[in-house]
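Asker: Here is a sequence together with a model predicted from it:
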Amino acid sequence: MKFINYLESIAGISVYPMASLLLLFTFFVGASLWAFKADKKMVDHISRIPLDNNDDHSL
């Protein structure tokens, strides 16, 4: 018996793929909105952190 046959026998299993898609889509839209609305100085500072050699990482 294939794995898909086991999944088809579970009642209400079709809700989980749709819920996970909705959750991931919401997270992606939220992250995109934050990226476009974020302060450009903060984004520039965050992007330079891996390259900094000093210990001062204050905004």
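Answerer: Okay, I see it.
Asker: Can you get me a residue count around the nearest residue to Leu7 once chain neighbours are set aside?
Answerer: Leaving aside its sequence neighbours, Leu7 sits nearest to Ile13 (C-beta to C-beta, 6 or more residues apart in numbering; 5.6 Å). For glycine as for every other residue, the C-beta is placed from the backbone atoms N, C-alpha and C. The local packing count at Ile13 equals 11, with neighbours defined by other C-beta atoms under 10 Å.
Asker: same deal with His45?
Answerer: His45 is flanked by 14 other residues according to other C-beta under 10 Å.
Asker: what about it, which helix or strand?
Answerer: Following DSSP states H and E, one finds His45 within helix 40-48.
Asker: mind checking the longest helix of this protein?
Answerer: Across the chain, the longest stretch assigned as helix under DSSP state H is helix 15-37.
Asker: Please find the angle between the direction vectors of that helix and helix 40-48.
Answerer: Here helix 15-37 points in a direction 110 degrees away from that of helix 40-48 (axes from the mean of the first three to the mean of the last three C-alpha atoms, to 10 degrees).
Asker: what does the average pLDDT come to for helix 15-37?
Answerer: Across helix 15-37, pLDDT averages out at 94.
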